[in-house]
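>>> Give me a 3D structure for the following:
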Amino acid sequence: ASYLGLGFASKYDAEGIVTHADEVPALDVTVVMDISGSMGCQFSNDTDGRNSWNIHGSGPTKLDVAKRCLLAISKKLRKDDALAVVLFNHSQHVLLPLTAVGALDIKQFKQNVEALCPTGGTRLNEGLQSGYAVLNAAPEGVSGSAGRLKRVMFLTDMQSSQQDEDEVLGSIAQAATSARHTS
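Numbers count the residues shown, from 1 in each chain. From the prediction side, this is the model:
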């Protein structure tokens, strides 16, 4: 199994965010989360040796971990920040349009996240592109304000075809060079 982690550091990350808290611009975050069938597997055992998924092991599934990450991200955002959530498998669904955190119904959001179940195939790049589209289509008052930082967070196990995986890497590179989003 291969895993990829990518991080960017700036004065607005890690210790810098504490030191420069008053300077941190408002943040628009779109979390793009994989809910395909492979997300029902445990991290320790994607396959059982017969090229089929082992969904009967013990421990949390990849989707369980992704849900915890999404809820943790939502708790760290400030009231003036905005959050959107796009779910994907073989299709895409906006669970939460870009919404100011201060206006978010936290209880309902948590219930919606906890109810998610893994199902279906995987179209990674289409899911990622849907996340970018949510930020690009945000109304002026939410994401259009000057100085707001835009971020797409992609939560997936990258279980798809090599072509789809390559397209994702190309999309991330294109978004990073256009300076519109950081993934």
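
>>> Surely K75 is in a helix?
Yes. K75: assigned to a helix according to DSSP: H, G, I helix; E, B strand; the rest coil.

>>> Show the contacting residues for it.
By C-beta atoms under 8 Å, 6 or more residues apart in numbering, the contact list for K75 is empty. The C-beta positions use only the backbone N, C-alpha and C, and glycine is treated the same way.

>>> immediately after the worst-scoring helix or strand of the chain on mean pLDDT, which helix or strand?
Within the chain, no helix or strand scores below helix 140-143, which has a mean of 50 by mean pLDDT, DSSP states H and E. Under the assignment DSSP states H and E, the closest C-terminal helix or strand after helix 140-143 is strand 149-155.

>>> what is the rounded mean pLDDT of that next one?
For strand 149-155, mean pLDDT rounds to 89.

>>> Over to stretch 68-84?
On average, the pLDDT along stretch 68-84 is 94.

>>> Would you mind measuring the gap between the ends of that stretch?
End-to-end span of stretch 68-84 (C-alpha to C-alpha, to the nearest Å): 16 Å.

>>> What are the buried residues along it?
Using 16 or more other C-beta atoms under 10 Å as the test for burial, stretch 68-84 gives L70, I73, S74, L77, D81, A82, L83, A84.

>>> Is the residue lying closest to the third one once chain neighbours are set aside within a helix or a strand, and which one?
Right, S74. Distances taken as C-beta to C-beta, 6 or more residues apart in numbering place L83 nearest to S74, at 5.9 Å, with adjacent residues excluded. If you go by DSSP H and E, L83 is part of strand 82-88.
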